[in-house]
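>>> build me a structure from this.
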Amino acid sequence: MSTSSHPSGPLVAEARTEAPDPRTPSTAPPSYRGTPRSLTHPPRTGLLLVLPAVAFVTVFVIAPLFVAVYISLTNFPLIGDYRFIGLENYVQAFTDPAFGWSILYTLIYTGIVTLPILLLGYTLAVLVRSNRRGAKVLRTVFFIPYVIGLTTLSFLMVLEAQPDSGMVNLILKWIGLTDGSTAWLVDGKLGTILICALVVWGVSGLTMMLLMSGMQGIPTDVYESAELDGAGWWRTERHVTVPMLRRTIALCLIISVIGSFLAFTQFFILTQGGPGSQTTTVVMAIYKRAFVQLQLGAATAMSLLLVVIIGLVTAAQFWLLRERD
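Okay, the predicted model is just below:
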């Protein structure tokens, strides 16, 4: 009998188990050595795109901040020689009664104008949020004071608040509240009332636009469901609109508070911080220290303290207005 030359038995089974099946996917980790680089998104593209923004922030934010910290530690006089004095400017700021009063007055002013700006802005937003006839005209009319700006409005108010001839006194005399000779700009309390009324009127247009945008983003299905449940206008606003506008309302409050802490233009034009220092805000106190008393080092220290105060107040607002589960 002739023997076959082909392998058989266990040898064939072993050979079959060792031969890889081309249909079975490989479990070995892929090798990236031979992976070609993307022609449209090379690795350095992201770095090159971010580099202008990083350079801008470094040159105009970070570097000036370090320079400001250094100047606050000197007696920099704006003109002349200076020397390093350490934390003396900060100690002087904490013990200066004029600076303390300016902080207190700014807090009072902020507390007076913040809520009326929000309420008036919300009311105007409710009036113009729909697309009915005349809504666009009303939006423009309500937003014009903000476009004009507080600088122009303040110069106009200087004329309109004059005794016996200004429109403010003429209207109040016609109503019967005053005799028309009130000197608004030479009295601390009256000047504060006039400035607060001017700011509320001039800034509410921005709050209106922000809230109106948020209202228009609320789905109509939500209002239809509330109407089917028998909710009236007040309940719908309270339980539907306001909760869904929580983030927008928080944004409006933060913008309003920061703007109030940085208030300067209207006070400088209308009262110049007077009489005395009764209407002197923090920014005006810093301005007087830097450009009237020529103590730039002390003014810089006060500015950095203001930055810290605004940061703490803003952080507190974020915490209080955060969304709760």
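>>> R322 - that's part of a strand, no?
No. Secondary structure assignment (DSSP: H, G, I helix; E, B strand; the rest coil) places R322 in coil, not in a strand.
>>> just give me the neighbour total for it.
By other C-beta atoms under 10 Å, the residues close to R322 number 10. Every C-beta, even on glycine, is put in place using the N, C-alpha and C of the backbone.
>>> list the buried residues of stretch 235-242.
T236, E237, V240, T241 (16 or more other C-beta atoms under 10 Å).
>>> residues contacting the third one?
For V240, the contact set (C-beta atoms under 8 Å, 6 or more residues apart in numbering) comprises I218, V222, Y223, A226, A231.
>>> swap in 7 Å and give it another go.
By C-beta atoms under 7 Å, 6 or more residues apart in numbering, V240 lies in contact with V222, Y223, A226.
>>> which of the residues you listed lies closest to Y90?
When the contacts of V240 are ranked by distance to Y90 (C-beta to C-beta), V222 comes first, at 51.9 Å.
>>> just say helix, strand or coil for the residue nearest to the spatial centre of the chain.
Central residue of the chain (C-alpha atoms, centre = their mean): I255, 4.0 Å from the mean position. With three-state DSSP as the basis, I255 sits in helix.
>>> tell me, what's the model's pLDDT at it?
Model confidence at I255, given as pLDDT, is 95.
>>> can you show me the strands along the stretch 151-300 of the chain?
For the stretch 151-300 of the chain, strands defined by DSSP state E, counting those that start in this stretch do not occur.
>>> returning to what we had before: ok, the contacts of V240 vs T314, which is closest?
Distance to T314, by C-beta to C-beta, is smallest for V222 among the contacts of V240, at 30.6 Å.
>>> sorry, back to before: next step: the buried residues of stretch 235-242 restricted to helices.
Counting by DSSP state H, the buried residues of stretch 235-242 place T236 in helices.
>>> could you dump the buried residues of stretch 235-242 into TSV with pLDDT and distance to A125 added?
As requested, the buried residues of stretch 235-242 are exported to TSV (pLDDT from 0 to 100; distance: C-beta to C-beta, whole Å):
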residue	pLDDT	distance to A125
T236	90	15
E237	90	11
V240	90	15
T241	92	10
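>>> looking at the buried residues of stretch 235-242, which is nearest T178?
E237 (36.5 Å).
>>> which residue, other than its chain neighbours, is closest to that closest one?
Nearest non-adjacent residue to E237, counting by C-beta to C-beta, 6 or more residues apart in numbering: V126, 7.6 Å away.
>>> then I218?
In space, not counting the residues next to it along the chain, I218 is nearest to M244; the distance is 5.2 Å by C-beta to C-beta, 6+ apart.
>>> which stretches in the stretch 201-325 of the chain count as helices?
Assigned by DSSP state H, counting those that start in this stretch, the stretch 201-325 of the chain shows helices spanning 220-228, 233-236, 242-244, 246-261, 265-270, 282-287, 296-320.
>>> which of these sits closest to L87?
helix 296-320 (8.5 Å).
>>> check the model's average confidence along that closest one for me.
For helix 296-320, the per-residue pLDDT averages 93.
>>> any chance you could list what contacts it?
68-69, 71-72, 74-78, 82, 89-90, 92-93, 99, 253-254, 257-258, 261, 282, 285-286, 289-290.
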